[in-house]
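Engineer: Okay, sequence plus prediction incoming.
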Amino acid sequence: MATGDSYRKIWEQAALIPEGQVASYGQIAKLAGLPRRGARMVGRAVGTAPREMELPWHRIVNAQGKIAIPRSRAGFKRQVELLEAEGIEVYDGQLDMDKYRWDPTLDELVWGPGMLHDPRQQG
């Protein structure tokens with residue numbers, strides 16, 4: 001699979017993370033069909049996404065619920081600010097994955113966040 005195609009799949013999954021919830025790099029990789037070593041690719045893909053995509057990059061953390069950006073970088077503070085603005089409590093660069101982890105339903109994955117498909121509805 002070409003890197004561009006992999007990045008596109010990652011971007012599609014990252015875009016689905018709802019406000020007030022987070023996903024791990026590995027979770028996004030798995031949803032994108034890249035379970036092996038895909039977590040590292042998620043970080044690269046999100047970091048190179050075109051700005052106009054407005055990906056919710058701040059909603060992606062490591063599997064332990066820690067912000068992966070080094071504390072000394074401006075992005076660390078920005079990620080904390082964005083998460084807290086969505087009601088996610090962050091303490092010392094970490095959040096509660098049990099409380100905030102995104103656990104998408106099949107409908108969300110197929111139709112988008114908050115969307116339920118009703119075959120009786122057209123359009």
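Structural biologist: Great, that's in hand.
Engineer: all contacts plus neighbour counts: C-alpha atoms, from now on.
Structural biologist: Noted.
Engineer: The chain: helices as residue ranges?
Structural biologist: Ranges of helices within the chain are 3-14, 25-31, 38-47, 74-85, 97-100, 106-111, based on DSSP state H.
Engineer: Mind putting these into CSV with mean neighbour count?
Structural biologist: Formatted as CSV, the helices of the chain follow (neighbours: other C-alpha atoms under 10 Å):
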stretch, mean neighbour count
helix 3-14, 18
helix 25-31, 22
helix 38-47, 19
helix 74-85, 16
helix 97-100, 14
helix 106-111, 14
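Engineer: Okay, now the unreliable bits of the chain?
Structural biologist: Residues of the chain meeting the criterion pLDDT under 70: 1-2, 111-123.
Engineer: which residues touch the residue lying closest to residue 64 once chain neighbours are set aside?
Structural biologist: Of all residues not flanking residue 64 in the chain, residue 97 sits nearest, at 7.1 Å (C-alpha to C-alpha, 6 or more residues apart in numbering). When contacts are counted by C-alpha atoms under 8 Å, 6 or more residues apart in numbering, residue 97 is found next to 22, 63-65.
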